[in-house]
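Engineer: Fold the stuff below for me.
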Amino acid sequence: MIILKKLIKCYIPMIIFFIITLLILNTLSYFDIIKNTKIFKLIIPCITVLIGSYKFGKLNKFRGYLSGFYLGLSFIIFTLIINLLFYQSFSLKLLIYYLIITLFSILGGMIGKTKKVH
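Structural biologist: As a prediction, the model looks like this:
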């Protein structure tokens with residue numbers, strides 16, 4: 001139950017960052033300032049998960065890569081359910097996308113654990 005509370009604390013800045021960056025990206029795309037937004041579809045979730053797992057790594061007592069993996073896994077399960085329900089079926093491209101997000105999540109957890117104030 002304590003881990004779930006910590007996960008919720010970490011999801012709040014993730015959601016805020018995700019919404020703000022998507023609003024900015026959509027606005028810039030609408031006014032044709034940015035033409036190709038495909039690369040941002042990978043960068044924004046990676047940075048979002050990196051921020052959340054950094055915060056989650058700072059809050060937990062166990063290893064940083066595990067805390068990053070837990071947060072990344074919860075994020076992947078959430079987005080996988082949304083993708084399968086509304087958009088597309090599972091593919092190799094989607095698997096690679098989730099592996100990249102998992103690696104960023106593990107990296108953020110390790111960085112957060114090393115930056116933890118003792």
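Engineer: List the buried residues for the longest helix seen in the chain?
Structural biologist: In the chain, assigned by DSSP state H, the helix with the most residues is helix 2-30. For helix 2-30, burial by neighbour count (16 or more other CB atoms under 10 Å) applies to 6-7, 10-11, 14, 17-18, 21, 25. Quick note: C-beta positions are derived from backbone N, CA and C, even for glycine.
Engineer: From the chain's centroid, how far away is that helix?
Structural biologist: Averaging C-alpha positions (CA atoms, centre = their mean, to the nearest Å) puts helix 2-30 9 Å from its chain's average.
Engineer: That one - contacts with which helices or strands?
Structural biologist: helix 40-59, helix 64-82 (3 or more CB pairs under 8 Å, 6 or more residues apart in numbering; DSSP states H and E).
Engineer: Between helix 40-59 and the shortest one, find me the angle.
Structural biologist: The one in question is helix 64-82. Helix 64-82 runs at 140 degrees relative to helix 40-59, counting by axes from the mean of the first three to the mean of the last three CA atoms, to 10 degrees.
Engineer: Just the CA trace of the helix or strand just after helix 64-82, in CSV.
Structural biologist: Downstream of helix 64-82, the first helix or strand assigned by DSSP states H and E is helix 92-114. Output of helix 92-114 as CSV, limited to C-alpha atoms (Å, rounded to 0.1, in the frame of the first residue of the first chain):
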residue,chain,number,x,y,z
LEU,A,92,6.9,-5.5,-33.0
LYS,A,93,7.1,-1.7,-33.3
LEU,A,94,5.0,-1.3,-30.2
LEU,A,95,7.2,-3.8,-28.3
ILE,A,96,10.3,-1.8,-29.2
TYR,A,97,8.6,1.4,-28.1
TYR,A,98,7.7,-0.1,-24.7
LEU,A,99,11.3,-1.4,-24.3
ILE,A,100,12.7,2.1,-24.9
ILE,A,101,10.3,3.5,-22.3
THR,A,102,11.3,0.8,-19.9
LEU,A,103,15.0,1.6,-20.3
PHE,A,104,14.3,5.3,-19.7
SER,A,105,12.3,4.4,-16.6
ILE,A,106,15.1,2.2,-15.2
LEU,A,107,17.6,5.0,-16.0
GLY,A,108,15.5,7.5,-14.1
GLY,A,109,15.1,5.2,-11.1
MET,A,110,18.9,4.7,-10.9
ILE,A,111,19.6,8.5,-11.2
GLY,A,112,16.9,9.2,-8.6
LYS,A,113,18.4,6.6,-6.2
THR,A,114,21.9,8.0,-6.5
